[in-house]
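Engineer: Got a predicted model here, sequence first, then my questions.
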Amino acid sequence: MLLEGLETLCLLASEGTMAKVASRLYISQSAVSKRITQLEQRLGKRLIEPDGRQTRLTPQARELLARVAPSLAEMKGVLADSQTLTDQTPLPVACSETLLAGYLARFMHDYLGRDPHLALSTHHTPVILTRVRGGDALLGICAGRLPPGHGLCAELLLEEPFYLVGDDQEEAAQPDHQSALQATMTSTQLTEDDVSEGMQDKVCKILTMDLENPSNRYLRDPLAALGLVPAMELDSYLALIELAKAGIGPVLLPAGLLALVGDQGKRARALPGLARPLHLVYRPSSLKRARIQRLVEAIRAHFARVSQGQS
């Protein structure tokens with residue numbers, strides 16, 4: 001009961017509303033409220049207070065979580081490692097949405113024929129790491145740089161190259177919206193460190209994913225070195241794909257998504273040296289389970305074939 005209450009409080013700190021926590025835990029909002037109330041009664045202190053449409057943690061609750069959250073995540077992971085994993089038990093796999101769309105859809109279709117009890121969910125990389133550490137997922141497949149000290153086993157599956165879509169240098173005329181996006185900037189609008197030597201005169205504006213995401217932040221300097229500066233940063237690859245299909249660009253996309261933009265993807269321009277790492281992550285004891293080991297081996301083999309196809 002205490003563990004459930006602390007887990008619910010942790011989720012409330014990140015999600016902000018009872019409804020979102022209920023959705024994450026697959027329970028009702030009243031059950032979420034009951035858990036928090038029981039935890040408050042157990043500890044003898046108030047832990048939450050209303051904040052408009054959201055719920056805010058009290059200073060006592062924030063202090064409590066600062067002390068117990070790391071241990072709570074590790075405890076949940078240990079409990080997940082100790083649970084029996086039969087062939088009929090759901091095996092949760094947390095995955096980057098772009099990897100599922102770009103590389104894993106057909107693989108998962110085939111593998112679910114062998115193991116129909118995989119439970120897939122999609123998240124950004126920081127959430128994937130949190131879910132694997134806490135045992136909410138037994139495997140994670142991530143895109144982008146991993147932070148230091150993540151505490152998991154990580155295998156590099158692929159260095160996925162990036163391309164520019166809609167960067168056709170041969171087109172004589174551009175629609176007005178493209179001209180606006182592809183307008184150049186003088187080097188006086190950037191710091192000296194923003195662009196590499198020899199590229200200060202002209203800088204191309206592009207559409208990219210959110211570069212403030214910790215997993216993508218490393219791309220900002222390499223892009224600047226290539227003379228590419230974000231005009232818009234979107235938190236959705238689906239939106240970037242649709243904009244590219246509509247002829248708005250140039251758009252930065254990883255190789256796995258080029259097929260989703262049709263003919264434009266076939267004309268995409270490669271960006272030498274610019275790539276994002278794709279990792280398989282799991283808790284250190286996970287591979288002791290034969291069912292997880294089989295899935296890991298199948299994923300390794302699949303990405304080995306993908307790598308050969310891209311080389």
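Structural biologist: Received it, and whenever you're ready, just let me know what you need.

Engineer: name the helices or strands packed onto the top helix by length along the chain?
Structural biologist: Ordering each helix of the chain by length in residues (DSSP state H) puts helix 59-82 first. Counting contacts by 3 or more Cβ pairs under 8 Å, 6 or more residues apart in numbering; DSSP states H and E, helix 59-82 is packed against helix 2-15, helix 125-133. All C-beta spots, glycine's among them, are computed from the backbone N, C-alpha and C.

Engineer: Apply 6 Å and report the result again.
Structural biologist: Contacts defined by 3 or more Cβ pairs under 6 Å, 6 or more residues apart in numbering; DSSP states H and E place helix 59-82 against helix 2-15.

Engineer: Arg261: what's it in contact with?
Structural biologist: For residue 261 the amino acid is Val, not Arg. By Cβ atoms under 6 Å, 6 or more residues apart in numbering, the contact set of Val261 is 165, 241, 244-245.

Engineer: With Gln54 as the reference, measure out to it.
Structural biologist: Distance, Val261 to Gln54, by Cβ to Cβ, to the nearest Å: 37 Å.

Engineer: Show me the helices in the stretch 201-311 of the chain, by range?
Structural biologist: Counting by DSSP state H, counting those that start in this stretch, residue ranges of the helices within the stretch 201-311 of the chain are 220-225, 237-245, 263-266, 290-310.

Engineer: Which residue comes closest to the residue most central in space within the chain once chain neighbours are left out?
Structural biologist: Centroid check for the chain by Cα atoms, centre = their mean gives His124 as the closest residue, at 2.0 Å. Among residues not flanking His124 along the chain, Asn213 sits closest, at 6.4 Å (Cβ to Cβ, 6 or more residues apart in numbering).

Engineer: again with Leu72
Structural biologist: Leu6 (5.4 Å).

Engineer: number of nearby residues for that neighbour?
Structural biologist: 22 (other Cβ atoms under 10 Å).

Engineer: any idea how far it lies from Ala80?
Structural biologist: 16 Å.

Engineer: What of Arg53?
Structural biologist: According to Cβ to Cβ, Arg53 and Ala80 sit 33 Å apart.

Engineer: More neighbours: these two, which one.
Structural biologist: Taking neighbours as other Cβ under 10 Å, Arg53 and Ala80 compare with Ala80 leading, 20 against 8.

Engineer: do you know how far the more buried one is from Arg269?
Structural biologist: Distance, Ala80 to Arg269, using Cβ to Cβ: 44 Å.

Engineer: before we move on, what about Lys245?
Structural biologist: Distance of Lys245 to Arg269, given as Cβ to Cβ: 17 Å.
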